[in-house]
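**Student:** Below: sequence and its predicted model.
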Amino acid sequence: MTTTTTTNRSMSSSPKRQRRPSSEDNCRQQQSQQQRDSFDRFGDDLAELLLGYLGFDRRVGCECVSRQWRRIVYRTQRELRFGHTYSSSAPRPQTWRQFETIVRKCSVGSITRLEFTDDDYPLNDHKLTAIIKHLPHLLHVSVESYGQVRRQTWNKFFDRFGRQLRSLRVDPHREDIDYFQNRIGKYCPNLRSLDITNPYSDRCFHYLTDAAATDGHQTTTVFNQLQRLSLLYANKDTDRFERFVANYGRTMRTVSVMTSFSLNRVASDILLTGLSQMSRLVSIEIKYYPSQTFSVSIGRLLPRIGQNLSQLKRLSIEWYHADGQHIVEVIDTLNRNFRHIQRLELKGMIYNESQPMSAPLDQLTRLTHLKLNVHNLVVGDQPLLARIDRLFPRLRYLFVTEADLSPEALKSLCRLKRIQYVYITFPGEQLDITVIRDTLLASCPTIREVSSNCALNYLF
């Protein structure tokens, strides 16, 4: 009896065996966990896609959303731009320690592009030191404004990034020109894009055509992979430019030239003739300042560029001031000899009275980007705006100043099936920009922005 009672007590005191959780219990537990942190339902790939639609200045504020977003918000960043107020610009830290914090956080990703483009926020020695320390993957650097930076720090920069750089733009101070020319020619042999449009440099082509090597010998080609060049051209550069065309003419893809105000006719002819011999060019940008030389050379040699460069896709011509009738003749020349281009930009001033745009552009049917920023050139219904949908059916970007826009022209704009960006201004009392914006947004499914603000200028 005693034994039986003891056995029963031991059985009653033993712990009960717990029931195994079923699959339904696991699902309920996972759902409750997801409800507590709903952002965990987004995978890293989807979260990166969502963050990709935000500029860096807005993306930084997403750190506080969740731990996952804090982890990937900098991992998806590929560029840092300190300057213009575009959507991709980075916030401006007030101290160099704050700057180093942002740069250090960005080191978890692969920052390949860096830009300092505003005089109000220049590069300095502390910032450059942080960049050298935390951004090892830089390929594209543009420094239009910098303050006090020691030569020792610049030496570290070129030692660290020189051979891996693919594009470089530096606007050096007058006393630093020779230093940068020697450093770029010695440490950056793999550049594909180079900007040397410094107005104080008196020998821009020096290290492009005959820069001295370290052993004292002369080299004919410093940058074997160079495809894009921006430069300042003056009368003294004629011999070097001809040598540059001979060395780089078969590889160059993009050339941007800014001429000096004292450019004579001979130097102008050599420039345009050399450009016409660079058969692989896809983009040409010419900023022409002397008005008399522009009127003589452009009208005579511009057709040769259009006839010889069959791969040319973009042409940009800017001048200081010129006669209105001559500009109309240039437009007619473009219409007859540049039927293959896709992007056309004309910018300048007509110094006499307002000139109506009488020359048509009916042969440039492949245009996707059209920019007519000419002061005193009135772009009216005929021969352009009222039938713009038939002239340029592929047009995606339109930038027109002093447009004489009628209701018929507005209807023609609404019939453009691919238009995305429209910038337009009027010389007098015209349609309200709000009316134009509402009409285009309601009629064009592809439209993204309609504005009279120059912020769209960078899209060209």
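**Tutor:** Arrived safely. Residues are numbered from 1 along each chain as shown.
**Student:** Now tell me what touches the longest helix along the chain from outside.
**Tutor:** What stands out as the longest helix in the chain, according to DSSP state H, is helix 291-308. Contacts with helix 291-308, where a contact means C-beta atoms under 8 Å, 6 or more residues apart in numbering, come from 259, 263-265, 268-269, 271-273, 275-277, 279, 284, 288, 312, 317, 319-323, 326, 329-330, 333-334, 336-338, 351. Yep, even glycine has a C-beta here, placed from its N, CA and C like the rest.
**Student:** same check, this time on stretch 333-341
**Tutor:** Taking C-beta under 8 Å, 6+ apart as the rule, stretch 333-341 contacts 299, 302-303, 305-307, 310, 312-315, 344, 359-367.
**Student:** follow-up on the earlier one: buried among the contacts of helix 291-308? Need that as a selection in PyMOL.
**Tutor:** Here is the PyMOL command that selects the buried residues among the contacts of helix 291-308 (16 or more other C-beta atoms under 10 Å):
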select buried, resi 259+263+268+269+271+272+273+275+276+277+284+288+312+317+319+322+323+326+330+333+334+337+338
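**Student:** For the stretch 101-250 of the chain, which segments count as strands?
**Tutor:** Secondary structure of the stretch 101-250 of the chain (DSSP state E, counting those that start in this stretch): strands at 113-116, 140-143, 167-170, 193-196, 228-233.
**Student:** and these, which one is worst for confidence?
**Tutor:** For the strands of the stretch 101-250 of the chain, the weakest mean pLDDT is recorded on strand 193-196, namely a mean of 84.
**Student:** just for the stretch 351-460 of the chain, where's the confidence low?
**Tutor:** By pLDDT under 70, the low-scoring segments of the stretch 351-460 of the chain are 352-356, 358-359, 380-383, 427-431, 453-460.
**Student:** now the strands for it?
**Tutor:** According to DSSP E, counting those that start in this stretch, the strands that the stretch 351-460 of the chain contains are 355-356, 369-375, 377-378, 397-400, 421-424, 449-451.
**Student:** closest one to L194 among those strands?
**Tutor:** Proximity to L194 (C-beta to C-beta) singles out strand 369-375 among those, at 24.4 Å.
**Student:** Given the closest one, what are its sheet partners and their directions?
**Tutor:** Neighbouring strands of strand 369-375 in its sheet, by DSSP bridges, are strand 343-349 (parallel), strand 397-400 (parallel).
**Student:** will you turn these into CSV that also has distance to F82?
**Tutor:** Below are the strands paired with strand 369-375 laid out as CSV (distance: least, C-beta to C-beta, whole Å):
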stretch, distance to F82
strand 343-349, 27
strand 397-400, 26
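**Student:** Just send these back as CSV, with mean neighbour count and distance to V450 too.
**Tutor:** CSV is the format used below for the strands paired with strand 369-375 (neighbours: other C-beta atoms under 10 Å; distance: least, C-beta to C-beta, whole Å):
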stretch, mean neighbour count, distance to V450
strand 343-349, 19, 19
strand 397-400, 22, 10
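**Student:** hang on, the earlier thing: which residues are in contact with whichever helix or strand comes after the longest helix of the chain?
**Tutor:** Counting by DSSP states H and E, the element after helix 291-308 in chain order, helix or strand, is strand 314-319. Applying C-beta under 8 Å, 6+ apart, the contact partners of strand 314-319 are 282-289, 291, 294, 298, 330, 334, 338, 341-349, 369, 371, 460.
**Student:** what residues are up against G348?
**Tutor:** Neighbouring residues of G348 by C-beta under 8 Å, 6+ apart: 317-322, 327, 373-375.
**Student:** now with 7 Å?
**Tutor:** 318-322, 374 (C-beta atoms under 7 Å, 6 or more residues apart in numbering).
**Student:** do the same with R59
**Tutor:** R59 touches 51, 73, counting by C-beta under 7 Å, 6+ apart.
**Student:** low-confidence ranges in the stretch 201-350 of the chain?
**Tutor:** In the stretch 201-350 of the chain (pLDDT under 70), the answer is 201-221, 291-292.
**Student:** Please apply the same query to the stretch 1-150 of the chain.
**Tutor:** In the stretch 1-150 of the chain, residues with pLDDT under 70: 1-42, 52, 84-92.
**Student:** give me that answer again for 80
**Tutor:** For the stretch 1-150 of the chain, the stretches with pLDDT under 80 are 1-76, 83-96, 108-109.
**Student:** Tell me where it has helices.
**Tutor:** 2-13, 23-36, 44-51, 56-59, 67-72, 96-106, 125-134 (DSSP state H, counting those that start in this stretch).
**Student:** Can you name every helix or strand that the third one contacts?
**Tutor:** With contacts defined as 3 or more C-beta pairs under 7 Å, 6 or more residues apart in numbering; DSSP states H and E, the packing partners of helix 44-51 are helix 67-72.
**Student:** What is the helix it packs on packed up against?
**Tutor:** helix 44-51.
**Student:** quick one, what contacts G83?
**Tutor:** With contact set as C-beta under 7 Å, 6+ apart, G83 has these partners: 89, 115-118, 121.
**Student:** now swap in S310 and tell me
**Tutor:** Counting by C-beta under 7 Å, 6+ apart, the residues that S310 touches are H340.
**Student:** mind running it again at 8 Å?
**Tutor:** Going by C-beta under 8 Å, 6+ apart, S310 touches 279, 340.
**Student:** Make 48 the starting number, not 1.
**Tutor:** In the new count, where the first residue is 48, that last one comes out as S357.
**Student:** do you know how far it is from P169?
**Tutor:** Plainly put, S357 is 43 Å away from P169 if you go by C-beta to C-beta, to the nearest Å.
**Student:** In space, what's closest to D166 - neighbours in sequence excluded?
**Tutor:** Setting aside the residues directly before and after it, D166 is nearest to S192 in space (C-beta to C-beta, 6 or more residues apart in numbering), at 4.7 Å.
**Student:** residue contacts, the one you found?
**Tutor:** Contact analysis of S192 by C-beta under 8 Å, 6+ apart lists 130, 163-166, 168-170, 218.
**Student:** Against L161, how distant is Q124?
**Tutor:** Note on Q124: its distance to L161, by C-beta to C-beta, is 11 Å.
**Student:** Span of stretch 203-215 from start to end?
**Tutor:** One end of stretch 203-215 sits 16 Å from the other (C-alpha to C-alpha, to the nearest Å).
**Student:** ok, R230 - contacts?
**Tutor:** Contacts of R230 (C-beta under 8 Å, 6+ apart): 201-202, 205, 209.
**Student:** Kindly state the pLDDT recorded for it?
**Tutor:** Per-residue pLDDT puts R230 at 87.
**Student:** Show me what the residue lying closest to R484 once chain neighbours are set aside bridges to in the sheet.
**Tutor:** Here the nearest residue to R484 in space, its sequence neighbours aside, is V497; by C-beta to C-beta, 6+ apart that works out to 4.0 Å. Beta-bridge partners recorded for V497 (DSSP bridges): V469.
**Student:** My read is that V497 contacts I480, right?
**Tutor:** Yes - with contact defined as C-beta atoms under 8 Å, V497 counts as touching I480 (7.4 Å).
**Student:** list residues touching both of the two?
**Tutor:** I471.
**Student:** Have a look at the two and say which one is more surrounded.
**Tutor:** More crowded of V497 and I480, by other C-beta atoms under 10 Å: V497, with 23 against 17.
**Student:** Helices - which of the contacts of helix 338-355 land there?
**Tutor:** Per DSSP H, these map to helices at 312, 315-316, 318-320, 322-323, 373, 376-377, 380-381, 383-384.
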